[in-house]
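Asker: missing the sequence, but the structure's below:
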């Protein structure tokens, strides 16, 4: 049987799940009591060594520490993108089609941090390009701002640079290992005002959730004024919340104009 690429294999597995398959089987039964004859033992568990002390086992890699080192070494946004692309500790990278780094104009006075890429963002490699992204563009167009407007630009990124499978919620360990890259992204983009859209952006940058309670209240992130707001996807599901979103946009516009 010829090998399959990741996306074909995953599509076949999803198809089987939709048909009702809920467990894996093989051609022959597996004897779970048939242990291998020899189980590898760590060197430290063997008989005490005579003579010089045996060298200590090498510690496992710390993904968060490696992310912090890689992010700190980045001097430009291009450096940071390359550092994220070279980061191998996050399993999301292996299932995603594209890295979703940013869109808009770097150096804009407003930087927006979304949540995680969806299917369309994963396909195009840009944040906020689906239906929620279209609403985002309309929201900022009402303030005479936009991701392609050189006179009043915005800059956009996400909490996670790779799409979680099936659009599931980010895991705490994924947020923790990728947070150093996000913080460095904010430092290098150097906006005047930061906007955190949705619960997961607030969770990553503030350690808080509950966007209905947090929205509209100013916070500090990397010494920048930061405003939690409803995610456009939430507004599509809850149109009544657009009134609060408009009030937050006016608050944001006032902060930018100061």
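Answerer: Happy to help now that I have it. In this text, all values refer to a predicted model and were calculated from it rather than measured experimentally.

Asker: Which pLDDT value goes with the spatially most central residue of the chain?
Answerer: The chain has residue 160 as the residue nearest its centroid, 0.7 Å off, counting by C-alpha atoms, centre = their mean. Looking at residue 160, its pLDDT reads 98.

Asker: Not counting its neighbours along the chain, what's nearest it?
Answerer: Using C-beta to C-beta, 6 or more residues apart in numbering and skipping the chain neighbours, the partner closest in space to residue 160 is residue 116 (4.2 Å). (Glycine included, C-beta is placed from N, CA and C.)

Asker: With residue 187 instead?
Answerer: residue 222 (5.8 Å).

Asker: and stretch 193-213, how far from the chain's centre?
Answerer: 13 Å (C-alpha atoms, centre = their mean, to the nearest Å).

Asker: So residue 195, which state does it fall into?
Answerer: strand (DSSP: H, G, I helix; E, B strand; the rest coil).

Asker: before we move on, what about residue 75?
Answerer: Strictly by three-state DSSP, residue 75 counts as coil.

Asker: ok, the residue nearest to residue 160 - contacts?
Answerer: Taking C-beta atoms under 8 Å, 6 or more residues apart in numbering, we find residue 116 in contact with 158-160, 162-164, 167, 170, 200.

Asker: hang on, the earlier thing: now for the residue nearest to residue 187: which residues touch it?
Answerer: 183, 186-187, 194.

Asker: now the longest helix along the chain: how far from the chain's centre is it?
Answerer: Using DSSP state H to define each element, the chain has its longest helix at helix 172-189. On the basis of C-alpha atoms, centre = their mean, helix 172-189 is displaced by 8 Å from the centre of the chain it belongs to.

Asker: Brilliant, that's me finished.
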